[in-house]
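Colleague: heads up, no residue letters with this:
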């Protein structure tokens, strides 16, 4: 028979059970955190009509998208959760309560050239808050407080949410009379850390931007200091542009409110260099860096978008949201030893009948343990006990419980801790306490 | 601006938040149950190389599959979890512990003609147990005990796991000298309930099967009575076929062991008419029907497959498993009123500052509630209190908590039960108790 290649496609993460258990744990922490902040679950289709996904996209996205026809339908696989959300809100507007808070955690697809650390299929975990007509700036400030909560839940002590407002940079560029090229400039700035200052200069040069303007832009994005210092410097810049002023005002309000929302100062920072290349952001933008792993880049990004639903409805439905790339986060931090992989099983106890007669008692015990939330397996094959114990050992099941005629009669069971070999005689309620 | 259609593609379920919450609850019960029985989580890519998915498929599957090329790759979206599992096991054989128990709950895709109650994208929740070389029949018996556990967890009191062994029917057909047409015959039999006896007769007639043989087949699949009666009748059939005898022996062992595994008799039943049209089953097969909703058909099916990994490895890796179609189960039973839809939020409490000064206290309280697992929102907009309460009311948030200067000073908060309007003054620990 012809043998078929069994490797998954490049760029598609596939985990072993012990790794999957850790991944799912991360997934669960993010899900629970989102739910604790009052976000309702939402799940949109993986396939959409292509015109929906491409309404706001174009450029790189269009090249990366998995798109095909089936029958008469021009279909595409979602590349993020934001565009499907915009469609969803337009479609179900009448059934939703605003401000609408929802989370979605699921796979998205980008068929880019496969390279180390890049995935074509990956999980994104998003939250968004959508307002009806208006959305208070306080919600822009709430987002970093949620990031703060989640990344501490995930076990991180040192990370920084970098915050900017696109109106500032947009207004700045407009004041310099280069707003026509603003998208290209922002995308170049987004890559500043990655490609370096000279490459960025070259890119801007190609756009026919004068050396004087390039200097001003680079000087601007290199503004640094404490939040107060940055604001002081921004206020000194001589730019007569309404957008610039509004952006500065908004950012200042958001930063002040983040403090009020209980996020310690060292966890967030104004950074006028972040632009978030995506076209749809219109105000506050966020990126999150792990201080001990700067090379990973941003692990949680997002921002405010006031016009995302434009293509789907006449209503004004501004929103603010963030996305965590779970697949990359897991992959990078597992390789760096931050996320530790444990055993390949969730099972806490393997119940082993010492004679055929006691199988029934094993099953009764297993059911009671399961009803107490303890994952339990019963040895079902007719292998020797040694083999059952080898199975428990290899998987990493922490406890084996033996039931022979004696144990069955007395309802006191032999519980063996696999790591130490220590055996104890325990009653049901004692077992439950021990194993929980 | 051109408005784009916002309806999801036909056959792709999209839920409102209140529905999604119930769907997720079902998802969680199934996941937790699988984990309690010692199945480890696994997640395979949604996209596979087409040759992987089509290795065992063909026919209907090939027509339904979403398949396309990207660059040089011939790709397809998974249509079940079983074929990807076979590939996975072949690929990762050396890293797995056998018997290998895994669950996968995720979306699968079948681009069939859209019709009421049929989905093109739907969740399947699968468990499988894979043996290395051999797999004890006891695992075939364990499966119905898991189905029994799950469907009771889901709230069903009356359901029946119907069990058969394909060797019996295969052997029977072989004894009648029509084994060449066995696949077509089985597929016809699978549809007996749906299309009726005359249509089945016609289908078999087209296959050039004689009326005498058709009578025998129909008589066979209509065998009924108690399990003991059916076994008695099967043993009386004069078929000299080794496979038939092995199948009978296996089924009899499995049925006996299911009883030993603690499943009450009324929850399972031998049914020689179920064949499971899929080619890959080789022994025990299962279907599960809800006694109060027979029109829905099987809600949980599966079986034993001894050769599924053939195309991927030389090793012998027999398995047994089942699949629950979550999307259809939810859709049907929600429409029939079995699954009740509640509120559109998971939030238990909305904390409302009565003055701007007390926002800080609201946030501290919210954080404490969240740390105790209570989903909490804080009113952030500068709307009037009436509007915040209207939001809580519309969403169905059960409690509103007010903090004014007085509450802040005394650390005793005003808690309003939204359904009754009743207000109480409670301390933090009392609030936690009340809201949990």
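Modeller: Arrived safely. Keep in mind that this is a model prediction, so the values were computed, not measured.

Colleague: from chain B, how far off is residue A:153?
Modeller: 10 Å (C-beta to the nearest C-beta, to the nearest Å). Every C-beta, even on glycine, is put in place using the N, C-alpha and C of the backbone.

Colleague: so what sits opposite the residue minimising distance to the centre of chain A in the bridge?
Modeller: When C-alpha atoms, centre = their mean is applied to chain A, the residue found nearest the centroid is residue A:324 (2.1 Å). Per DSSP bridges, the residues bridged to residue A:324 are residue A:125, residue A:300.

Colleague: does it touch residue A:150 like I think?
Modeller: Yes - in terms of C-beta atoms under 8 Å, residue A:324 counts as a neighbour of residue A:150; the distance is 7.4 Å.

Colleague: the closest residue to chain B within the stretch 201-350 of chain A: neighbouring residues, count only.
Modeller: Going by C-beta to the nearest C-beta, chain B is nearest to residue A:347 of the stretch 201-350 of chain A, at 3.9 Å. Here the number of neighbours of residue A:347 (other C-beta atoms under 10 Å in any protein chain shown) works out to 24.

Colleague: quickly note the distance from it to residue A:430.
Modeller: From residue A:347 across to residue A:430, the span is 19 Å (C-beta to C-beta, to the nearest Å).

Colleague: repeat for residue A:155
Modeller: Separation of residue A:155 from residue A:430 (C-beta to C-beta) stands at 32 Å.

Colleague: ok, now residue A:128?
Modeller: Residue A:128 is 48 Å from residue A:430, by C-beta to C-beta.

Colleague: how close does the nearest residue to residue A:427 once chain neighbours are set aside sit to residue A:306?
Modeller: Spatial nearest neighbour of residue A:427, chain neighbours left out: residue A:412 (5.7 Å); criterion: C-beta to C-beta, 6 or more residues apart in numbering or on different chains. To residue A:306, residue A:412 is 68 Å away according to C-beta to C-beta.

Colleague: same check on residue A:407?
Modeller: To residue A:306, residue A:407 is 68 Å away according to C-beta to C-beta.

Colleague: what of residue A:167?
Modeller: 10 Å.

Colleague: between these two, which one's more packed in?
Modeller: A direct count of neighbours by other C-beta under 10 Å for residue A:167 and residue A:306 places residue A:167 higher, at 24 against 18.

Colleague: residues in the stretch 51-200 of chain A within reach of chain B, list them.
Modeller: Residues of the stretch 51-200 of chain A lying near chain B by C-beta under 8 Å from any C-beta of the partner chain: A:51-52, A:55, A:66, A:68-71, A:73, A:75, A:87-88, A:90-92, A:95-97, A:99, A:101-102, A:107, A:109, A:111, A:121, A:136, A:138-139, A:141-142, A:145, A:149.

Colleague: filter these down to the buried ones.
Modeller: A:52, A:55, A:66, A:68, A:70, A:75, A:87-88, A:90-92, A:96-97, A:99, A:101-102, A:107, A:109, A:111, A:121, A:136, A:138-139, A:141-142, A:145, A:149 (16 or more other C-beta atoms under 10 Å in any protein chain shown).

Colleague: buried residues in the helix-or-strand element of chain A with minimal mean pLDDT, which are they?
Modeller: Lowest mean confidence among the helices and strands of chain A (mean pLDDT, DSSP states H and E): helix A:60-64, at a mean of 79. Neighbour counts over helix A:60-64 (16+ other C-beta under 10 Å) mark A:61, A:64 as buried.

Colleague: and what about residue A:97, helix, strand or coil?
Modeller: Secondary structure, DSSP: H, G, I helix; E, B strand; the rest coil: residue A:97 is coil.
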